[in-house]
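Engineer: Quick check, what structure comes out for this input:
(one chain, ligands or ions: 1)
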Amino acid sequence: MRQTGPMGSRLAAAAATSGALALVHAAPSAAVLGTFAQRPPTAVPGGWCRWRWPGSAGDPGALALTIDDGPAPATTPRTLDLLDCYGMRATFFVVGTEVDRHPELVGEIRRRGHGLGVHGYQHRHHLLRSPAWVHADTGRAAASVSAATGATPRWYRPPYGQLTSGTVAAARRHGMQVVLWSRWGREFAERSAGPVVDRLRPGLIPGAVLLVHDSDRFARPGTAAITHRVLGSLAAELERRQLVSVLLDDLAAMHVPDLSSAVVPA
Ligand SMILES: [Zn+2]
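Structural biologist: Presented below is the predicted three-dimensional model:
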C-alpha cells in the first residue's frame, strides 16, 4: 500500500538514508571493479587499496605471484613442490577456517620461504555482510594466521576481491593493507592451462601482482590442478622476460612510497 502523510514521509526518508548507507557501504567495490579488465593503477591515494607497484628499477625486474584460498592438504603440498622446482616465491592469501584446520601447512608455507596474507576467516562476500561481521571475521582471520606463524600478517585480500567501507576499515584496524591484483588467471573458469597463461601473459611486467588459486574448496573442482599446470609455463615466461617472482614484502620493500603515481580508479 502506498503510504502518504507524515508516516509516508518518514518511510521515504528512512529508505533514502538506507540507500545512501548502502551506497557508502558498497562504494569501494564499485571503485575497484572497473579496473579488473584493464591494467589497473598502482594504488588509490592514501593507500587503502593496491593493485600493483610501479615498475621495478631492479635487474631482473620483480613481480609478485599470489595464491588464494588455501591451505589445502590435497593441493598445497604440490604447489610448494612446484614453486621449489621453478625457483619461484609466492605469497599465499589463506582462509582462516583452513588455517585452523591445517596450521602445519601454514608453517610449511613459511618454512619453504613463502609469504602469507589474510583472505578472511570465512570465505564470504563482504557486500552481503555488515561492517561488524566483516570486522570480526577479519580479526579472527588475522589471529589465526598469527597463531599459526608467530608473525603479524601485513597483507589482506577480501574474498572475491570485493571491498566495502567495512572491509577497508577492518583491514586498517587490524594493521593490514589491502592488496588486490593487477592480473588474474581465472583458472577456476577454464578447463586447461593455455587460456590461463594467455590471460596472465600481458600482465607480466615489473611490479605486477598476479593471482591464481591452489584450492578447490571455494572454486570449481579442478581449479588447483590447472594452477599446477600453469606454474611451469609461467616460470618459462618470467625467465624469457627476465622477471623474478618475489614475496609481496620484498616487492613493497623495493619501492619508496609512490603516491605521486597513484590514480583514483575510474
Ligand atoms: Zn578466494
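
Engineer: who in this structure is up against the ion?
Structural biologist: 68-69, 159 (C-beta under 5 Å from the ion). C-beta coordinates here come from the backbone N, C-alpha and C atoms, glycine included.

Engineer: List the backbone torsions phi and psi for whichever residue of the stretch 151-266 of the chain sits closest to the ion.
Structural biologist: Residue of the stretch 151-266 of the chain nearest the ion, by C-beta to the ion: Pro159 (4.9 Å). Main-chain torsions, Pro159, degrees, to the nearest 10: phi -50, psi 140.

Engineer: Please identify the buried residues of the helix or strand where Arg110 lies?
Structural biologist: Arg110 belongs to helix 103-111 when elements are defined using DSSP states H and E. Using 16 or more other C-beta atoms under 10 Å as the test for burial, helix 103-111 gives 103, 105-106, 109-110.

Engineer: mind putting those residues in JSON lines, pLDDT included?
Structural biologist: Below are the buried residues of helix 103-111 laid out as JSON lines (pLDDT from 0 to 100):
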{"residue": "Pro103", "pLDDT": "97"}
{"residue": "Leu105", "pLDDT": "97"}
{"residue": "Val106", "pLDDT": "97"}
{"residue": "Ile109", "pLDDT": "98"}
{"residue": "Arg110", "pLDDT": "96"}
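
Engineer: any chance of those in a markdown table, with distance to Gly222 too?
Structural biologist: Shown next, in a markdown table, are these (distance: C-beta to C-beta, whole Å):
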| residue | distance to Gly222 |
| --- | --- |
| Pro103 | 26 |
| Leu105 | 20 |
| Val106 | 24 |
| Ile109 | 22 |
| Arg110 | 27 |
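
Engineer: out of the residues you listed, who's nearest Thr164?
Structural biologist: Val106 (26.6 Å; C-beta to C-beta).

Engineer: Quick check: the closest one touching Pro71?
Structural biologist: Yes. Using C-beta atoms under 8 Å, Val106 makes contact with Pro71 at a distance of 5.8 Å.

Engineer: what's the overlap in contacts for those two?
Structural biologist: 94, 99 (C-beta atoms under 8 Å, 6 or more residues apart in numbering).

Engineer: about what we covered before: ok, the residue of the stretch 151-266 of the chain closest to the ion - contacts?
Structural biologist: Contacts of Pro159 (C-beta under 8 Å, 6+ apart): 95, 119-120, 123-126, 218.

Engineer: Try it again at 7 Å.
Structural biologist: 119-120, 123-125 (C-beta atoms under 7 Å, 6 or more residues apart in numbering).

Engineer: Same question for Ala193.
Structural biologist: Counting by C-beta under 7 Å, 6+ apart, Ala193 has contacts 226, 229-230, 233.

Engineer: let's go with 8 Å and repeat that
Structural biologist: So Ala193 contacts 187, 226, 229-230, 233 (C-beta under 8 Å, 6+ apart).

Engineer: And for the spatially closest residue to it that is not a sequence neighbour, the neighbour number?
Structural biologist: Spatial nearest neighbour of Ala193, excluding adjacent residues (C-beta to C-beta, 6 or more residues apart in numbering): Arg229 at 3.9 Å. Number of residues near Arg229 (other C-beta atoms under 10 Å) recorded here: 17.

Engineer: ok but Arg229 is inside a helix, no?
Structural biologist: Yes. Assessed by DSSP: H, G, I helix; E, B strand; the rest coil, Arg229 belongs to a helix.

Engineer: What distance do you get for it to His255?
Structural biologist: Computed as C-beta to C-beta, to the nearest Å, the Arg229 to His255 distance reads 32 Å.

Engineer: Which residues does the host helix or strand of Asp249 contact?
Structural biologist: Using DSSP H and E, Asp249 falls within helix 248-253. Contact with helix 248-253 is made by 53, 56, 62-64, 66, 89, 91, 115, 117, 154-155, 179, 207, 209, as judged by C-beta under 8 Å, 6+ apart.

Engineer: Off-centre distance for that helix?
Structural biologist: Helix 248-253 sits 15 Å away from the centroid of its parent chain (C-alpha atoms, centre = their mean, to the nearest Å).

Engineer: Run a quick check on Arg172 versus Trp48, I expect a contact.
Structural biologist: Yes. Using C-beta under 8 Å, Arg172 is in contact with Trp48, at 7.1 Å.
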